[in-house]
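Student: let me see the structure of the following:
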Amino acid sequence: MTIPNVDLTEETIFTWGAPPLKFGAGSIDEIGFEMTGYGAGRVLIVTDPGVRLLGIPERIAESLQRYGIGSEIFDGVHVEPTDDSMVKATEYARAQGPWDGFVAVGGGSAIDTAKAINLLTSGPGELMDFINKPIGNAKVPEGPLKPLIAVPTTAGTGSESTAMCVLDILSMKVKTGISHWRLRPTLAVIDPLVTMSLPPEVTAASGMDIVCHALESYTARWYTTFDRKKPEERVTYCGSNPVSDLWCEKSMTLLAQSFRDAVHRGADDLEARSNMMMAATFAGMGFGNSGVHIPHANAYPIAGMVKDFTPAGYPQDEPMVPHGMSVSLTAPEAFRFSFDSAPDRHLKAAELMAPRADRLNDQREQLPSVLIDLMRDIGIPNGIGGVGYTESDVPDLVPGTMKQQRLLATCPRTPTEDDIADILTKSVENW
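Tutor: Numbering: from 1, shown residues only. Okay, here's the model as predicted:
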């Protein structure tokens with residue numbers, strides 16, 4: 001048998017990866033045992049002040065101690081990390097190190113900060129060297145990183161299963177990130193019990209991140225439509241593909257079952273909380289390989305250029321638009337824009353998200369209407385106007401979106417600056 005020698009010009013290869021997963025109530029108490037498998041003797045636990053107040057990092061430290069592993073807790077993570085906060089976290093880790101491994105416990109902010117610490121303490125280079133182009137240099141890690149166990153305490157980011165971290169560049173007022181497969185955690189430990197006390201506002205905002213991860217991944221450009229890449233040119237986001245589709249579909253099914261319940265009575269509904277944690281991880285296994293597009297690209301300047309909006313349920317010491325909230329605000333209009341590129345996928349996604357929703361005569365409106373109904377029910381602000389922007393701010397927001405070419409390249413319909421301006425303008429109010 002011989003393999004035909006064909007000069008292929010179209011892409012025929014997709015990649016998919018995810019960390020091992022330990023899921024279930026009480027699973028955080030097994031982190032000490034898991035870390036012994038990596039030969040770690042000294043571990044840094046990375047978290048934020050709010051999560052530390054809950055006692056979860058100390059409980060993890062006790063688990064590590066039972067297996068003879070020493071640890072320290074760094075609780076200086078900034079909610080919605082910045083280049084400044086990540087540099088300071090890295091400086092702490094370098095000064096107090098060396099470390100044999102890391103445990104990230106918290107939302108996406110803590111997990112992303114731990115990824116950056118791991119990257120910057122495992123080899124040469126500074127933060128801006130690794131930031132995605134065109135903002136940074138997109139330097140590739142020179143070797144393996146240390147073991148990182150990710151323990152999410154919110155159902156949303158999916159960062160426990162992805163190979164990227166996100167941050168604000170303060171001087172540019174833009175959100176960007178680092179993307180490389182070596183950033184993916186070594187193990188994800190998902191314990192629904194740690195989310196039971198989340199405020200409904202946090203549950204809603206982080207849950208919309210899951211929604212958009214699943215929807216954007218599912219409607220992303222199909223992997224075979226890209227130009228063929230050389231092995232060294234392959235990137236984390238390779239386009240929608242058969243494996244990512246499976247995870248996104250399951251995530252949307254779980255969201256339809258449990259998102260509203262998790263927001264409205266999450267303190268008493270372990271099943272809803274468990275389903276949301278699974279939905280977040282499954283969506284991460286989807287978008288972490290296929291990619292996201294316009295809603296996430298728009299979210300970066302929306303969050304990065306925030307004026308004076310302070311959301312309920314979050315720290316009130318500085319203005320912020322939570323990532324999941326910022327992603328959702330232009331999603332209805334973004335999916336109107338992308339509908340013609342893949343009508344069947346948009347309609348299937350709407351059906352999975354809301355199986356009992358009425359079928360509209362205008363099919364283009366089916367998915368946006370499902371999203372708007374959900375957003376109104378769970379208390380998401382009404383468009384970018386709800387977080388302090390007006391139509392006059394749109395020209396300032398557009399350049400921040402256009403810098404996210406890594407994301408926009410995944411959109412099945414390539415947007416121009418005028419397209420993005422139109423999407424933002426129509427998203428000042430969503431209903």
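Student: can you show me the helices along the stretch 301-431 of the chain?
Tutor: With DSSP state H, counting those that start in this stretch as the criterion, the stretch 301-431 of the chain has helices at 323-328, 331-338, 343-353, 366-378, 394-402, 405-408, 417-426.
Student: JSON lines please, covering those helices and showing mean pLDDT, distance to Ser161 and mean neighbour count.
Tutor: To be clear about C-beta, it is placed using only N, CA and C from the backbone, and glycine gets the same treatment. Output for the helices of the stretch 301-431 of the chain, formatted as JSON lines (pLDDT from 0 to 100; distance: least, Cβ to Cβ, whole Å; neighbours: other Cβ atoms under 10 Å):
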{"stretch": "helix 323-328", "mean pLDDT": "96", "distance to Ser161": "16", "mean neighbour count": "28"}
{"stretch": "helix 331-338", "mean pLDDT": "98", "distance to Ser161": "21", "mean neighbour count": "24"}
{"stretch": "helix 343-353", "mean pLDDT": "98", "distance to Ser161": "20", "mean neighbour count": "19"}
{"stretch": "helix 366-378", "mean pLDDT": "98", "distance to Ser161": "23", "mean neighbour count": "21"}
{"stretch": "helix 394-402", "mean pLDDT": "95", "distance to Ser161": "26", "mean neighbour count": "18"}
{"stretch": "helix 405-408", "mean pLDDT": "89", "distance to Ser161": "18", "mean neighbour count": "20"}
{"stretch": "helix 417-426", "mean pLDDT": "98", "distance to Ser161": "28", "mean neighbour count": "18"}
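Student: between the ones you listed, which one is nearest to Thr236?
Tutor: Closest approach to Thr236 among these is made by helix 405-408 (8.9 Å; Cβ to Cβ).
Student: which residues touch that closest one?
Tutor: Under the contact criterion Cβ atoms under 8 Å, 6 or more residues apart in numbering, helix 405-408 has outside partners 132-134, 179, 235, 237, 291-294, 296-297, 401-402, 414-415.
Student: so can I have JSON lines of the helices of the stretch 301-431 of the chain showing distance to His213?
Tutor: Putting these into JSON lines (distance: least, Cβ to Cβ, whole Å) gives the following:
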{"stretch": "helix 323-328", "distance to His213": "8"}
{"stretch": "helix 331-338", "distance to His213": "11"}
{"stretch": "helix 343-353", "distance to His213": "12"}
{"stretch": "helix 366-378", "distance to His213": "13"}
{"stretch": "helix 394-402", "distance to His213": "18"}
{"stretch": "helix 405-408", "distance to His213": "12"}
{"stretch": "helix 417-426", "distance to His213": "19"}
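Student: identify whichever of these lies nearest to Thr36.
Tutor: Among the helices of the stretch 301-431 of the chain, the nearest to Thr36 by Cβ to Cβ is helix 323-328 (33.7 Å).
Student: packing partners for that closest one?
Tutor: Here helix 323-328 touches helix 200-218, helix 294-304, going by 3 or more Cβ pairs under 8 Å, 6 or more residues apart in numbering; DSSP states H and E.
Student: tell me the first helix or strand C-terminal of the first one.
Tutor: Read that as helix 200-218. For helix 200-218, the succeeding helix or strand toward the C-terminus, using DSSP states H and E, is helix 242-265.
Student: contact partners of that following helix?
Tutor: Identification of contacts with helix 242-265 by Cβ under 8 Å, 6+ apart yields 14, 16, 155, 200, 203-204, 207, 210-211, 213-215, 217-218, 269, 271-273, 275-276, 278-280, 282-283, 285-287, 289-290, 349, 352-355, 374, 377-379.
Student: just the buried ones among those, please.
Tutor: Among those, those scoring as buried are 14, 155, 200, 203-204, 207, 210-211, 213-215, 217-218, 269, 272-273, 275-276, 278-280, 282-283, 285-287, 289-290, 349, 352-354, 374, 378 (criterion: 16 or more other Cβ atoms under 10 Å).
Student: circling back to that earlier point, Leu120: which of the helices and strands packed on helix 323-328 is closest?
Tutor: Nearest to Leu120 among the helices and strands packed on helix 323-328 is helix 294-304; the distance by Cβ to Cβ comes to 21.6 Å.
Student: and the closest one, what other elements does it pack with?
Tutor: Judged by 3+ Cβ pairs under 8 Å, 6+ apart, helix 294-304 is in contact with strand 164-169, strand 174-179, helix 200-218, helix 323-328, helix 331-338, helix 394-402, helix 405-408, helix 417-426.
Student: what sits up against the first one?
Tutor: Defining contact as Cβ under 8 Å, 6+ apart, one finds that strand 164-169 is touched by 80-83, 85-86, 108, 111-113, 115-116, 131, 135, 159, 174-180, 183, 236, 288, 303-304, 323.
Student: low pLDDT regions in this protein?
Tutor: Applying pLDDT under 70 to the chain flags the ranges 1-7.
Student: tell me which residue is most central in it.
Tutor: In the chain, the residue lying closest to the centroid (Cα atoms, centre = their mean) is Thr157, at 3.6 Å.
Student: now it, nearest residue through space, not along the chain?
Tutor: Excluding its sequence neighbours, the residue lying closest to Thr157 (Cβ to Cβ, 6 or more residues apart in numbering) is Gly108, at 3.0 Å.
Student: give me the distance between that neighbour and Pro152.
Tutor: As for Gly108, its distance to Pro152 is 8 Å (criterion: Cβ to Cβ, to the nearest Å).
Student: quick check: neighbours shared by these two?
Tutor: Residues touching both Gly108 and Pro152 by Cβ under 8 Å, 6+ apart: Ser159.
Student: tell me the contacts of Pro185?
Tutor: By Cβ under 8 Å, 6+ apart, the neighbours of Pro185 are 19, 104, 111, 115, 148-150, 160-161.
Student: do the same with Glu91
Tutor: Applying Cβ under 8 Å, 6+ apart to Glu91 gives no contacts.
Student: the helix or strand it falls within: which residues count as buried?
Tutor: Per DSSP H and E: Glu91 is located in helix 83-96. For helix 83-96, burial by neighbour count (16+ other Cβ under 10 Å) applies to 83, 85-87, 89-90, 92-93.
Student: quick one: the strands in the stretch 1-150 of the chain?
Tutor: Ranges of strands in the stretch 1-150 of the chain, per DSSP state E, counting those that start in this stretch, are 21-23, 42-46, 70-74, 101-106, 148-152.
Student: output the ones you listed as a markdown table; include the columns distance to Leu53 and mean neighbour count.
Tutor: Below are the strands of the stretch 1-150 of the chain laid out as a markdown table (distance: least, Cβ to Cβ, whole Å; neighbours: other Cβ atoms under 10 Å):
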| stretch | distance to Leu53 | mean neighbour count |
| --- | --- | --- |
| strand 21-23 | 25 | 16 |
| strand 42-46 | 14 | 25 |
| strand 70-74 | 12 | 18 |
| strand 101-106 | 12 | 30 |
| strand 148-152 | 16 | 29 |
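Student: cool, thanks, talk later.
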